[in-house]
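Visitor: Sequence first, then the predicted structure, then my questions.
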Protein chains: 4
Amino acid sequence: MCAIVGVINSKDAAKTAYYALFAMQHRGQEASGISACDENGKIRTIKDRGLVTEVFGKDSFDVLKGDMAIGHNRYATAGSDSLLDAQPVTANYALGSISVVHNGNFVNKDEVRDALIEEGAIFGSNMDTENIVHLIAQHKSKSLKERIIYALSKVLGAYCLLIQSRHKTFAIRDRYGVRPLSLGRLKDGGYIVASETCAFDLVEAEFIRDINPGEMVIFERGSNEIRSEQIFTPDPRICAFEYIYFARPDSVIEGKNVYEIRQNMGRVLAQKSKIEADFVIPVPDSGVAAALGYAKQSGLPFEAAIVRNHYVGRTFIEPTQELRNLKVKLKLNPMSSVLKGKSVVVVDDSIVRGTTSKKIVELLRHAGVNKVHFRVACPELKFPERYGIDTPSFAELISANKNVEQVREYIGADSLEFLSIDELKTALGNERNYSLVSFDGDYFIK
Amino acid sequence: MCAIVGVINSKDAAKTAYYALFAMQHRGQEASGISACDENGKIRTIKDRGLVTEVFGKDSFDVLKGDMAIGHNRYATAGSDSLLDAQPVTANYALGSISVVHNGNFVNKDEVRDALIEEGAIFGSNMDTENIVHLIAQHKSKSLKERIIYALSKVLGAYCLLIQSRHKTFAIRDRYGVRPLSLGRLKDGGYIVASETCAFDLVEAEFIRDINPGEMVIFERGSNEIRSEQIFTPDPRICAFEYIYFARPDSVIEGKNVYEIRQNMGRVLAQKSKIEADFVIPVPDSGVAAALGYAKQSGLPFEAAIVRNHYVGRTFIEPTQELRNLKVKLKLNPMSSVLKGKSVVVVDDSIVRGTTSKKIVELLRHAGVNKVHFRVACPELKFPERYGIDTPSFAELISANKNVEQVREYIGADSLEFLSIDELKTALGNERNYSLVSFDGDYFIK
Amino acid sequence: MCAIVGVINSKDAAKTAYYALFAMQHRGQEASGISACDENGKIRTIKDRGLVTEVFGKDSFDVLKGDMAIGHNRYATAGSDSLLDAQPVTANYALGSISVVHNGNFVNKDEVRDALIEEGAIFGSNMDTENIVHLIAQHKSKSLKERIIYALSKVLGAYCLLIQSRHKTFAIRDRYGVRPLSLGRLKDGGYIVASETCAFDLVEAEFIRDINPGEMVIFERGSNEIRSEQIFTPDPRICAFEYIYFARPDSVIEGKNVYEIRQNMGRVLAQKSKIEADFVIPVPDSGVAAALGYAKQSGLPFEAAIVRNHYVGRTFIEPTQELRNLKVKLKLNPMSSVLKGKSVVVVDDSIVRGTTSKKIVELLRHAGVNKVHFRVACPELKFPERYGIDTPSFAELISANKNVEQVREYIGADSLEFLSIDELKTALGNERNYSLVSFDGDYFIK
Amino acid sequence: MCAIVGVINSKDAAKTAYYALFAMQHRGQEASGISACDENGKIRTIKDRGLVTEVFGKDSFDVLKGDMAIGHNRYATAGSDSLLDAQPVTANYALGSISVVHNGNFVNKDEVRDALIEEGAIFGSNMDTENIVHLIAQHKSKSLKERIIYALSKVLGAYCLLIQSRHKTFAIRDRYGVRPLSLGRLKDGGYIVASETCAFDLVEAEFIRDINPGEMVIFERGSNEIRSEQIFTPDPRICAFEYIYFARPDSVIEGKNVYEIRQNMGRVLAQKSKIEADFVIPVPDSGVAAALGYAKQSGLPFEAAIVRNHYVGRTFIEPTQELRNLKVKLKLNPMSSVLKGKSVVVVDDSIVRGTTSKKIVELLRHAGVNKVHFRVACPELKFPERYGIDTPSFAELISANKNVEQVREYIGADSLEFLSIDELKTALGNERNYSLVSFDGDYFIK
């Protein structure tokens, strides 16, 4: 999970990219970067560890000149070197300079890398993105477009890519369209491409359409025309997780508002079984929309009874007197004056390892809750995602190893329910295919 | 508005103070400081500009040794020097070293300061706190307690004070009890005094009781006994603003849960007039509890239709292409897919200058809202507070200069209602007096 | 030992103060600060730990506005809190704001402080300077000049003081003139007062004269006239250490160029005894001038055979493989190709604890030197200085505890000679009295 | 000009590399980096802009584990990106990971780079070093040694290289030996290779011998044996500039002590013509050794009459009152009390653009010097160096455009003399060839 943005033909493109990345900070907090390209085709890059507001300062935009820019927010993944693996990747090759950002995952990256290395390539980072750059560099065509198509013919995976050269930007979405990518228009006539539409809202861009699965869109400096080419046969399977918890609730993906889909999930969840409870509470902020849906459907009152502290930064954590569950408590505090003696339905978006859910149940018990009915607005997570999400291995996924009753026992709830896969599809609307690998293990890209 | 905390007779007192300050970050983000006192009575202080997590690092606690500590979060006020005016104030005087933190405001501070200066005192900062230290130093008694009582006899105002000497900590609340101050017990037997009970929850302290208006509580190193003295006749008037927007919803002040009081305010607001609307939405996060109360009372659905971005830090803000309302938009994004064509009741906790409310209404209109019924969970703010809150002057308070209809016109809403003062009292529960100066202009401390 | 500077009636006074402090960095590296006073009498201060170039950046001079400024470089002294004890000290008192910088030491500071505290004063730092501010504040006169004279009547010591008020700056030197203070004129007509004349060279000020012992010079905003008053009967005894090692060689103190005086010391040293040696080498940079004088007088060649590394900053020092004498070696490297098998005269400015000299002799032996004749360009240091120099206690001063032969044995030299007190006087020129307390124990201020 | 170091088979190799780089800070101040290789062959790199003491802190050595390390100090060159172009360059390729540092310059780097890019290579930096890594990666041999030899067969230039793989380190010097590289042995039995022997002195390594021109030395983890291979026919031409001004005076290059060679240059200079002058002064620190040699030969006294301020860091420079020659004055201050009315011989190591020399003459005139006889301890710089020194272009080299008389006029001296090329050879000792391209334009590598 990451965020990407491209801005073309807009004054101060890097500033617009900056605000767009800011709006998409939730998709990646480890590192951020922007490459801007000026009128002479000179590309300048600033990237570093940290939040968008930490990486860029006022001075950054004196450097990042030009009417074209691409940017990236990187999600923290285990074992990565946050500085080395920050994007964009900028390189010089036979046709000049290019800069690439990438959201997703190539499933055959090791094979591609090994083959490239076998042929004499050198790698400076751990990123898949470097594969793409090497493949582009390796091809002999004079046309960057042909080189890109060649490179993509060699890789398998779920990806959205933005490739910026001297005077063009290419936006590509894999044939499955696993990750979202939308096209918008800025008020000064320039174009913007971004992972989520919430970025358009902040920079006051008008949403035009989603980039299609398998489509390559080519933008050219100075031209209002955009060229589109269907480079792969589409087989759309947008990732259900984008709706479940990645995307911001105010984003619209493939025509569906994330907040409303999440409410649907809560509604469907409420239809599964009737619970005697005093009220419904969300795990903030992830479970809010689903809990609202649940409350509406069930008729139970909604209470914001767990308070979230939003100041959590890089906190010094070293409990002095055996402060239990400190890490969770720094973020979440259940109000015992509201909760004492009550029976509650707690709604969260998912259960991954089960450890946080277990701590939340403990905190609720400590606050005096009588009955905890835990409801999860997605199916059991039984398989590691491999298309761009950093899910843990089988061994760590609690639902890969325990059935619902065992999970309930582990987290200490009085009852526990997940959505079934079919119920999830109902909530999503049944008219379309989705990537559901984490739930059904159907690794359709291999 | 600030946060104070004192920890006594607890191992690693400074760490506990740190977590308590972290939990109370909402009361002040400009500066933070802790003074720890070790077994030899040596006081060490670290204070600086910034959030709690920025001011203190792991190394800080190698310095801040001891089983006694006091701490402070400073609220940004216009014209203050954030470093110079950071607390605690530590000074050497005739009886040794003391360290003082303070939440509130002395109404006669200029007179006291002028008199002290007249007598030859020097001042290094702009803080009222320095007055207290000078008055303590000036008195000739061998007893710090007597000196403190003398000092407090010279000042008028709303305040909570913690004064830490070699082996004692004094906690004092003014006779009106305008600002909250609670007493708790830590798991290792030590005591904790804090502005809000949410701090107790994080450090797993048990709430014992509120410090009474006019009470001085004396803690002594090594003693489980705490001594209490009623040094002023109490005349309790807790500040209504603590319930309206200062305190965290999960705090309990004078026995009342802030979240529940805020829901009451929303309920009372809903009783004022019946509105035809599609749903109720809060201005997040300030209006959430009141909006929930409003929704319950009115029977209208509650929708979290304005999304808040919690990553707002020290953002570089310089609009490129006339991004309207950028500062508000960086934080708040109304979902047009939910809002388009709807009539909504928008609930916020208060209207101060009116500028933010005006921008929110604009954003809602831009998102396609048809009718905006703005509801405010407190009365019209007509008078500057002078007891510890940094409210603007008469000239800037919109309700000091415009009536409700004029404010409605200014912010662009279709309708606008405030709570009346009596309705506020109803929501607060009628059994007690409150400080309501901002609403009624009754400056009872002068 | 510290550096002070005052600038009056000069555009961008703080920038000039900055360059002057930069030129006097050798007098204090722990902390630096400047207070500038603008046309409205508003005083703004920036001070912090670190070198002049670290404390001040480009932004500093947007803050430090005005045509008057005073500044200070602080010397590291054991046990001081570098931030708390940074100067200038700025305070508000009965006549407004003042800012004070100070070079020297008050011998009765504890008595004065105790008396002030007894009367109710509070102290925020460990600095003597705070005494002066308190005494000024305590007096009741409407005239700052009278208050200053009163304050100085209460203190005993060696000091140079600069006191800046709304529209005036006072420069005062104690009656003994122990520390240097010179007056110069800037090219734009403004005045400058500084500890050393090397500061004048950098800012292109013309040297006018030294401030006299016991003199107070008063500068007034907007006036070219300077008023002088002899507030104490002069009894001049400039500190011999200024010539021996404090001052920069290019400074001129009381009409004498430091470099030339140091050469004199070397010449006198060479006359004491005739040594058979291959050449003379200095301990760089402290012994260079004296070694040159020694070489000229003795006829022996001068060799720069110990190389100094000037990049020594805040180095990480943690020897891995028992690197001997690492701290000295990071700075000094004797060239074995020059030194092997030779007999050398090594000249340094002084021996304090003897530890460094011992390590230098070891390094020379390791480089293959045959005979090491150590020569010291000052007398034996037998008494702690108390007039502004941070010399160690009796217990640590090697010459307070060992005679010359014992010191020679300790440092491992083949021969060792110091200047006698009379020889020092000869080198200094015999026409004047000097402060020689470290050598003769005549504590004339008490 | 840069510094390189390699440490093999020594506990805490990175710490030793750190101290060695510290001792060689004079060879490059822009960036610094170390790659350490642990027992499992895992290579970790830390590199950044700044001085050695700024780039590495205590924590660095928790990361840089292992008994093998290579390091680099980078010299600032116009147009380089200090972070991107910092070394070591670490990359993954067919045989695993390697890390490379490099001192020197490849004259055919653009051709090599173009050819590599043509074949599909991508470049992330502007460094020649990347060429080497690509060439190594491109070859198909299973032997790294063979690949290195292949890579070096493709490049032309002056270079010293250290290549660190999982368990081996290769040290290579080009066939001309233009840049120095020496081999030493640490006290714990490990080996060290460094640009200058002054690094050995600090880490207490014993000098073994210089690496020969055209030699490759191979070190293997765990083995005391070192293998040597003469991979190119030697044609030794050590760069004369190393003696003239690059190297530290305490280094020994090819058996000659730099300090003594510089004295020779001064002696030869003094033999050129007899000057009536009061004394000889060096431009510190560059001209000290030559000035001493000049003084000895001529019989004129040596005076350290220009004082150098060693605190010059990243100074804020913005003259307020037209401070002339501020940049030079921040570093150098001539003592007018010594210089007034005198005739002096000023010795510096070289004249490049002439601007600094001109300013020094101005400062001397301002200090009252009567006659300035400028003497330069090397020949006229007429050709840009291309073998690792960042000399300016023809247009900027003053001696490429003006004859001696014209240069004298430009810098404002009363007389001016350079060494002739033959005199330089005499000073260097005539037994060996030197790289003299800057003086004679004989670009022998092309």
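Guide: Received, thanks.
Visitor: in chain A, which helix has the most residues?
Guide: Secondary structure assigned by DSSP state H gives helix A:258-272 as the longest helix of chain A.
Visitor: which helices and strands does that helix pack with?
Guide: Applying 3 or more Cβ pairs under 8 Å, 6 or more residues apart in numbering or on different chains; DSSP states H and E, one finds that helix A:258-272 contacts helix A:288-298, helix A:421-428, helix B:336-339. (Each C-beta comes from the backbone N, C-alpha and C, glycine too.)
Visitor: Now distance to C:Pro88, mean pLDDT and mean neighbour count too, for those helices, in CSV please.
Guide: Listed next are the helices and strands packed on helix A:258-272 as CSV, based on distance: least, Cβ to Cβ, whole Å; pLDDT from 0 to 100; neighbours: other Cβ atoms under 10 Å in any protein chain shown:
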stretch, distance to C:Pro88, mean pLDDT, mean neighbour count
helix A:288-298, 54, 98, 25
helix A:421-428, 67, 96, 19
helix B:336-339, 57, 96, 22
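Visitor: and the angle for the longest helix of chain A with helix A:421-428?
Guide: Using axes from the mean of the first three to the mean of the last three Cα atoms, to 10 degrees, the direction of helix A:258-272 lies 140 degrees away from that of helix A:421-428.
Visitor: where are the low-confidence patches of the stretch 251-400 of chain A?
Guide: By pLDDT under 70, the low-scoring segments of the stretch 251-400 of chain A are A:312-322.
Visitor: All the helices of it, residue numbers only.
Guide: Ranges of helices in the stretch 251-400 of chain A, per DSSP state H, counting those that start in this stretch, are A:258-272, A:288-298, A:326-329, A:336-339, A:355-366, A:398-401.
Visitor: any idea how far the second one is from the chain center?
Guide: The chain centroid and the centroid of helix A:288-298 are separated by 23 Å under Cα atoms, centre = their mean, to the nearest Å.
Visitor: Over in the stretch 101-250 of chain A, which residue gets nearest chain B? Let me know.
Guide: Residue nearest to chain B within the stretch 101-250 of chain A: A:Asp250 (4.2 Å; Cβ to the nearest Cβ).
Visitor: three-state assignment of that residue?
Guide: coil (DSSP: H, G, I helix; E, B strand; the rest coil).
Visitor: Need phi/psi at it.
Guide: Here is the backbone geometry of A:Asp250 (degrees, to the nearest 10): phi -90, psi 0.
Visitor: Tell me if I'm right that it and A:Phe200 touch.
Guide: No: taking contacts as Cβ atoms under 8 Å, A:Asp250 lies outside contact range of A:Phe200: 10.4 Å.
Visitor: So between the two, which is more surrounded?
Guide: A direct count of neighbours by other Cβ atoms under 10 Å in any protein chain shown for A:Asp250 and A:Phe200 places A:Asp250 higher, at 27 against 23.
Visitor: Tell me how far the more buried one lies from B:Ala304.
Guide: Applying Cβ to Cβ, to the nearest Å, the value for A:Asp250 to B:Ala304 is 10 Å.
Visitor: Now do the shared contacts for these two.
Guide: Here A:Asp250 and B:Ala304 have A:Tyr259 as joint contacts, going by Cβ atoms under 8 Å, 6 or more residues apart in numbering or on different chains.
Visitor: mind listing what A:Gln398 touches?
Guide: To be clear, residue A:398 is Ile; Gln isn't right here. If you count contacts by Cβ under 8 Å, 6+ apart, A:Ile398 has them with A:351-354, A:381, A:407, A:410.
Visitor: Just give me the closest of the residues you listed to chain D.
Guide: Distance to chain D, by Cβ to the nearest Cβ, is smallest for A:Arg353 among those, at 28.3 Å.
Visitor: Tell me, how many residues neighbour the closest one?
Guide: 14.
Visitor: about what we covered before: just the buried members of the contacts of A:Ile398?
Guide: When those are checked for burial by 16 or more other Cβ atoms under 10 Å in any protein chain shown, the buried set is A:351-352, A:354, A:381, A:407, A:410.
Visitor: that older thread, tell me how far the residue of the stretch 101-250 of chain A closest to chain B lies from chain C.
Guide: When distance is defined by Cβ to the nearest Cβ, to the nearest Å, A:Asp250 is 38 Å away from chain C.
Visitor: Please apply the same query to A:Ala270.
Guide: In terms of Cβ to the nearest Cβ, A:Ala270 sits 57 Å off from chain C.
Visitor: excluding its backbone neighbours, what's nearest that residue?
Guide: Spatial nearest neighbour of A:Ala270, chain neighbours left out: A:Gln297 (3.7 Å); criterion: Cβ to Cβ, 6 or more residues apart in numbering or on different chains.
Visitor: Neighbouring strands - and their directions - for the longest strand along chain A?
Guide: Assignment by DSSP state E gives strand A:96-106 as the longest strand of chain A. Paired strands of strand A:96-106, with direction, are strand A:89-93 (antiparallel), strand A:157-164 (antiparallel) (DSSP bridges).
Visitor: which residues touch the residue of chain A most remote from its centre?
Guide: Taking Cα atoms, centre = their mean, the residue of chain A most remote from its mean C-alpha position is A:Gly341, at 38.1 Å. Going by Cβ under 8 Å, 6+ apart, A:Gly341 touches A:368-370.
Visitor: ranking the residues you listed by neighbours, who comes first?
Guide: Using other Cβ under 10 Å as the neighbour criterion, A:Val369 leads the contacts of A:Gly341 with 24 neighbours.
Visitor: Widest-spaced pair of the contacts of A:Ile398?
Guide: The largest separation in the contacts of A:Ile398, counting by Cβ to Cβ, is between A:Leu381 and A:Tyr410 at 14.0 Å.
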